[in-house]
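Trainee: sequence and predicted model, in that order:
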Amino acid sequence: MNPSALREIDLDRPQWLKSVPFLAVHGVALAAPFLDPPTWARAGLALGVYTAMMFGITAGFHRYFSHRAFRTSRAFQFVLALLGTLSVQKGVLWWAAHHRDHHRYSDGPKDVHSPVQRGFWWSHVGWILSARYDETRPDRVKDLLRFPELRWLDRWGMVVPAALAGILFAAGGLPWLLWGFFVPVVVCWHATFAINSVAHVLGSRRYPTDDDSRNNLVLALLTLGEGWHNNHHFYPTTANQGWFWWELDVSYLVLRGLAAVGIVWDLRTPPAHVRAGGLPPRRLQEDRPAGREVRVEHAL
C-alpha cells in the first residue's frame, strides 16, 4: 500500500489517546447513579441543563449559525453560541462548517458522517474520534469569521463548560457536578449524534430528498425538534423543522416566544408549495456518476 493510502487510513482511525477525556466523561456519567443516586431534584437539574444545552445546539449551532434560519442581535447571537458551547461539541465555527459540508454532500461520498457511506459507527461517533475532521474549515463559515467573539469561542471553547462545571461544583458539590454537568453532556452528545446516524436510517420519508434522511418522532422529542430530519433536508433554511401541527418542535416554539418579545426576528418557514412536496427553489441537481453528491445552495 502506498504512503498516501496509509495516510488516508490513519486519518480515519480513532485517536484513542486524544479521546481519553471524551471517554472519561462517559465513564463518570455512567457512574453517577452509583456515586450519588438520583433524586427528583437531581433529575430536574439534569433535565434543565440538558434542555439549555440542546437548545444551544438546535436553535444556535444548527438553525442559526449553520443555516441562518432567523435573525437576531449580536448580543443574543453570542448567547446562542455560549449555550451551544456548553455541550462540549467543539467550537461554533467548527460545528457550522462541518454541518454545511454535510448538507452539501448529504449521504454522498464526501459527506462528513453518512451511515449510508461509512456505516452506523462512523456516522454516530467515529468521525468525531478520527483526525480527519479535527480542523475548522474557515472557507465554509466566512459569514461568521467577522465576529471576533465567535473566533475566540471556537478556539477557547473549553473554558465555557469548564466554568459551568466549576459553578455547579461550588453550588452543590459532587451531586450537582455529576447530574448538572456530566450526565446532561453525555445525553446531549448522543442525542445530537443520533441525528447524524439514526435519522438517516430509521423513520419515515415524506419528501424525496437526494439522501436517506428520515423523520423520527422519538428523536424529535429527545432533541427539541431536530428529529423531523427529512423535512429539514428537503428545505434546510427554516427555523422550524416540524412543519405540521402534529410535529412537535420545541425549539421553534421557544423561538416564536423570543420573536414575540423582539429578541429574534425573521423566522423562516417553508412556503406552502414546499410543504406540499414541491421542489425547493435554487436546488441544483447535478449528475453524480460516482455517488449521490448534491449541492443544496440555499443550505449554505
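Mentor: Cool, the structure landed.

Trainee: please name the nearest non-neighbouring residue to His229.
Mentor: Nearest non-adjacent residue to His229, counting by C-beta to C-beta, 6 or more residues apart in numbering: Ala199, 4.0 Å away. (Each C-beta comes from the backbone N, C-alpha and C, glycine too.)

Trainee: burial count for that neighbour?
Mentor: Neighbour count of Ala199, defined by other C-beta atoms under 10 Å: 26.

Trainee: residues touching it, list them.
Mentor: 213-214, 216, 219, 226-227, 229 (C-beta atoms under 8 Å, 6 or more residues apart in numbering).

Trainee: ok, 10 Å please
Mentor: Contacts for Ala199 (C-beta atoms under 10 Å, 6 or more residues apart in numbering) come out as 115, 123, 212-216, 219-220, 223, 226-230, 232-233.

Trainee: in helices, which of these appear?
Mentor: Of the contacts of Ala199, the ones assigned to helices by DSSP state H are 115, 219-220, 229-230, 232-233.

Trainee: quick check: Val88 vs Leu47, distance?
Mentor: Val88 sits 18 Å away from Leu47 when distances are taken as C-beta to C-beta, to the nearest Å.

Trainee: the two: which has the busier surroundings?
Mentor: Between Val88 and Leu47, Val88 has the larger neighbour count (other C-beta under 10 Å), namely 22 against 14.

Trainee: next up, the contacts around that one.
Mentor: Residues counted as contacts of Val88 (C-beta under 10 Å, 6+ apart) are 21-22, 25, 53, 157-158, 160-162, 164-165, 181, 185-186, 188-189.

Trainee: and Phe78, by the same measure?
Mentor: 72, 92, 147, 149-150, 153.

Trainee: now, of the residues you listed, which are buried?
Mentor: Buried residues within the contacts of Phe78, defined by neighbour count using 16 or more other C-beta atoms under 10 Å: 72, 92, 147, 150, 153.

Trainee: the closest residue to the second one other than its chain neighbours: neighbouring residues, count only.
Mentor: I take that to be Val92. Excluding the flanking residues, the one nearest Val92 by C-beta to C-beta, 6+ apart is Ala81, at 4.7 Å. Residues lying near Ala81 (other C-beta under 10 Å) number 28.

Trainee: ok, now which ones touch Ala81?
Mentor: Here Ala81 is in contact with 56, 60-61, 64-65, 91-93, 95-96, 144, 147, 149-150, 152-154, 157, 160 (C-beta under 10 Å, 6+ apart).

Trainee: could I have the ChimeraX command that selects the buried members from these?
Mentor: The following ChimeraX line selects those of those that are buried, judged by 16+ other C-beta under 10 Å:
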select :56,60,61,64,65,91,92,93,95,96,144,147,150,153,154,157,160
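
Trainee: among the contacts of Ala81, which ones are in helices?
Mentor: Taking DSSP H, the ones among the contacts of Ala81 that sit in helices are 92-93, 95-96, 149-150, 152-154, 160.

Trainee: go through those and say which is closest to Arg42.
Mentor: For these, the residue nearest Arg42 by C-beta to C-beta is Val160; the value is 22.4 Å.
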